[in-house]
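Student: Need a 3D model of the following:
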Amino acid sequence: MEKSGKGVALLSRPEINIVWLKRDLRSQDHEPLAAAEAAGIPYLILYLFEPTLLAHPQCSLRHNQFIFESLQDLKKTLGVQGRTLGICYADAVVVFSEILHKYRVKRLFSYRESGVQLSWDRDKEVAQLCLQNNIEWLEFQREGVLRGIQNRDGWDKAWFVKMHSPLINNSFDPDLTLDWKHKFQIPETLKQAWSAYPAAYQAPGETMGWKYLKSFCEERGRNYMRQISKPLGSRYSCGRVSPYLAWGCLSVKQVYQYVKNHPNAANNKRAFNGFLTRVKWRSHFIQKFEVECEYETLCINRGYEHMDWQRNEAFIKAWKSGQTGYPMVDANMRCLHATGWINFRMRAMLVSFFCHHLGQDWRDGVYHLAQLFLDYEPGIHYPQFQMQAGTTGVNTVRMYNPVKQGLDHDPDGEFIKQWVPELREVPTTHIHQPWTLTPMEQQFMNFELGVDYPLPLVDLESSGKAARQRIYGHRKHPQVQKEKQRILKTHTRRIK
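Tutor: Here you go, the predicted model:
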């Protein structure tokens, strides 16, 4: 029986595989790359800057800069091994369809992505393309996060088993490389913008990720627990590996095993154990988002969709720009704009202040911080934002008082004076509450509140009281109570 012309043409195309990089920009402990090598046929390694996804409000220039420069680091590493890395500017289905004109694709290897609804929809389109073209798409587990689970029974055990499994020592056969000349080049204007990486941000890439991890274990980590809540001290004593985990320059398993097995672990037991606990929490929150990506756009406890939010454009603008009149809030927001990183407590304070004291809908601030965080990870960002906003109906409502946070964690105002230069001449006794300066004191300082620095947007006592009444009062809503039981059943481990 003769084959059709189309069938002959298809069989004459070289058979290849594809490794599709997403949030896994590294050369080691990489399951899709290992699987492609083991398959024994030539394969492409691709990263796609997808215009449709780049238009999503979560994305920002700093993310693309970090990714672009991390890819340059990865290209160098792979180049030493005789491998090439293809970087395309086009949506996934467009790129893969073009490849199919030249090659018969046998398998597509990638990690699963616990992303926003838009990336999930994209994955469904790719899955359909694979089905139509008899391509086997093998997706590997990322972060110890499981797909398709209905509850958390057995999740903790599975996570620890994954974290203790052997690291993959990736090696590369130059004979399996493909030099695919593609047409999906990054526009020159974007390439220039993405390659202009600001020195104030953490340096990108797998190489730098290892430097930060090693310096944490060798020196910086000893003060981890003492400085974790300090806006200034945390910059030096925290792990600072979150951007490398977010974009996959390091794997969670690499970080977990390196810290746990480091010679200094015995001497810094409390600090290292505290760090490792937070590594697990990280996967815990990503698992929440994997199960319910509606965290991005809807109150996870649907009962809070009935709560009334009074949108105030002036409040939102002041919060976003660090002009609220509360020094601790403004210093952290401005620091975040400039550097892309602040510690967890200060992030929680920004969200709490926005949602509780300013009374704004969490959705009006969630993308702003997503764009600013250099270590933005959807699976952490949206569940954490809602937890701090008090819209889960499960967690304790945390209402951070920015004055108290300043007094507790920046008592001398060093961090504030660094990022709010208008207040550098304000005495320490007033640095956290500049509105307490008398007109005479302001005159002596050549400083005028409301001119040189904003008056407070709200009164903390009255706004906090109103927020408690609003949040706690709404917890009695029947749908909130019903949803609470569903959330507990889905996202928490049952006690036997």
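
Student: quick one, what contacts the residue lying closest to Y367 once chain neighbours are set aside?
Tutor: Take Y367 and drop its neighbours on the chain: the residue closest to it by Cβ to Cβ, 6 or more residues apart in numbering is P57, 4.2 Å away. Placement of C-beta: from N, CA and C, glycine included. P57 sits next to 367, 370-371 when contact means Cβ atoms under 8 Å, 6 or more residues apart in numbering.

Student: mind checking how far P57 is from L358?
Tutor: 20 Å (Cβ to Cβ, to the nearest Å).

Student: quick one: which helix or strand includes V19?
Tutor: V19 is located in strand 15-21, with elements delineated by DSSP states H and E.

Student: Could you point out the helix or strand that follows that strand?
Tutor: helix 31-39.

Student: where along the stretch 151-300 of the chain do the helices fall?
Tutor: Taking DSSP state H, counting those that start in this stretch as the test, the helices found in the stretch 151-300 of the chain are 155-164, 188-195, 206-218, 224-227, 234-237, 242-246, 252-260, 269-291.

Student: all strands of the stretch 251-400 of the chain, in order?
Tutor: Using DSSP state E, counting those that start in this stretch, no strands are found in the stretch 251-400 of the chain.

Student: just for it, where's the confidence low?
Tutor: Scanning the stretch 251-400 of the chain for pLDDT under 70 picks out 395.

Student: now the strand holding V19 against helix 31-39, angle please.
Tutor: 160 degrees (axes from the mean of the first three to the mean of the last three Cα atoms, to 10 degrees).

Student: Quick check: buried residues in strand 15-21?
Tutor: For strand 15-21, the neighbour count (16 or more other Cβ atoms under 10 Å) marks 16-21 as buried.

Student: out of these, who's nearest P434?
Tutor: For the buried residues of strand 15-21, the closest approach to P434 (Cβ to Cβ) belongs to L21, at 48.3 Å.

Student: For the residue lying closest to that closest one once chain neighbours are set aside, give the beta-bridge partners.
Tutor: Distance criterion Cβ to Cβ, 6+ apart; nearest residue to L21, sequence neighbours excluded, is Y47 at 4.4 Å. Note on Y47: beta-bridge partners by DSSP bridges are L21, I87.

Student: Tell me who's in contact with Y47.
Tutor: Neighbours of Y47 in contact, by Cβ under 8 Å, 6+ apart: 21, 25, 67, 71, 85-88.

Student: Now do it against A265, distance only.
Tutor: 34 Å.

Student: do T77 as well
Tutor: From T77 to A265 the distance is 28 Å (Cβ to Cβ).

Student: hang on, the earlier thing: can I get the contacts of Y47 in JSON lines including distance to G115 and pLDDT?
Tutor: Listed next are the contacts of Y47 as JSON lines, based on distance: Cβ to Cβ, whole Å; pLDDT from 0 to 100:
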{"residue": "L21", "distance to G115": "14", "pLDDT": "98"}
{"residue": "L25", "distance to G115": "15", "pLDDT": "98"}
{"residue": "I67", "distance to G115": "14", "pLDDT": "98"}
{"residue": "L71", "distance to G115": "18", "pLDDT": "98"}
{"residue": "L85", "distance to G115": "21", "pLDDT": "96"}
{"residue": "G86", "distance to G115": "21", "pLDDT": "96"}
{"residue": "I87", "distance to G115": "19", "pLDDT": "97"}
{"residue": "C88", "distance to G115": "18", "pLDDT": "98"}
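
Student: Make CSV from those and add distance to C130 to it.
Tutor: Converted to CSV, these look like this (distance: Cβ to Cβ, whole Å):
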residue, distance to C130
L21, 17
L25, 23
I67, 24
L71, 24
L85, 22
G86, 18
I87, 22
C88, 18
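
Student: Of those residues, which is the nearest to E461?
Tutor: E461 lies nearest to I67 out of the contacts of Y47, by Cβ to Cβ, at 44.1 Å.

Student: wait, doesn't M307 sit right on K476?
Tutor: No - contact criterion Cβ atoms under 8 Å: M307 and K476 do not qualify, at 11.9 Å.

Student: With neighbour numbers in mind, choose between the two.
Tutor: Neighbours per residue, other Cβ atoms under 10 Å: of M307 and K476, the larger number sits with M307, 16 against 9.

Student: Now that one: closest residue in space, sequence neighbours ignored.
Tutor: Per Cβ to Cβ, 6+ apart, closest to M307 is H474, 5.1 Å.

Student: hmm, who's touching the helix or strand K76 falls within?
Tutor: Using DSSP H and E, K76 falls within helix 61-80. Helix 61-80 is contacted from outside by 25-27, 45, 47, 49, 54, 84-85, 87, 172, 190-191, 193-198, 201, 203-208, 243, 247, 249, 340, 371-372, 374, 376, using Cβ under 8 Å, 6+ apart.

Student: what's C238 in contact with, if anything?
Tutor: 216, 220, 224, 227-228, 343.

Student: Let's see that with 6 Å instead.
Tutor: Contacts for C238 (Cβ atoms under 6 Å, 6 or more residues apart in numbering) come out as none.

Student: any idea how far it is from Y376?
Tutor: From C238 to Y376 the distance is 17 Å (Cβ to Cβ).

Student: What separation is there between the nearest residue to D173 once chain neighbours are set aside and F109?
Tutor: Distances taken as Cβ to Cβ, 6+ apart put E37 closest to D173, at 6.3 Å, once the chain neighbours are dropped. Counting by Cβ to Cβ, the gap from E37 to F109 is 10 Å.

Student: what's the answer for L146, then?
Tutor: 19 Å.

Student: Please apply the same query to A196.
Tutor: From A196 to F109 the distance is 32 Å (Cβ to Cβ).

Student: These two: which is more packed in?
Tutor: The neighbour comparison of A196 against F109 (other Cβ under 10 Å) goes to F109, with 24 against 11.

Student: wait, that one sits on E136?
Tutor: No - counting by Cβ atoms under 6 Å, F109 stays clear of E136, with 9.3 Å between them.

Student: Break the chain down into its structural domains.
Tutor: 5-140, 198-291, 295-491 (automatic domain parsing).

Student: Distance to K181 for those domains - can I get that in CSV?
Tutor: Formatted as CSV, the domains of the chain follow (distance: least, Cβ to Cβ, whole Å):
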stretch, distance to K181
domain 5-140, 9
domain 198-291, 26
domain 295-491, 33
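
Student: Quick one: closest of the ones you listed to I186.
Tutor: So among those, domain 5-140 is nearest, using Cβ to Cβ, at 4.4 Å.

Student: from the chain's centre, how far out does that closest one sit?
Tutor: Distance, stretch centre to chain centre, for domain 5-140: 21 Å (Cα atoms, centre = their mean, to the nearest Å).

Student: residues touching the residue nearest to Y201 when sequence neighbours are not counted, list them.
Tutor: Distance criterion Cβ to Cβ, 6+ apart; nearest residue to Y201, sequence neighbours excluded, is G340 at 5.0 Å. Counting by Cβ under 6 Å, 6+ apart, G340 makes contact with 62, 201, 374.
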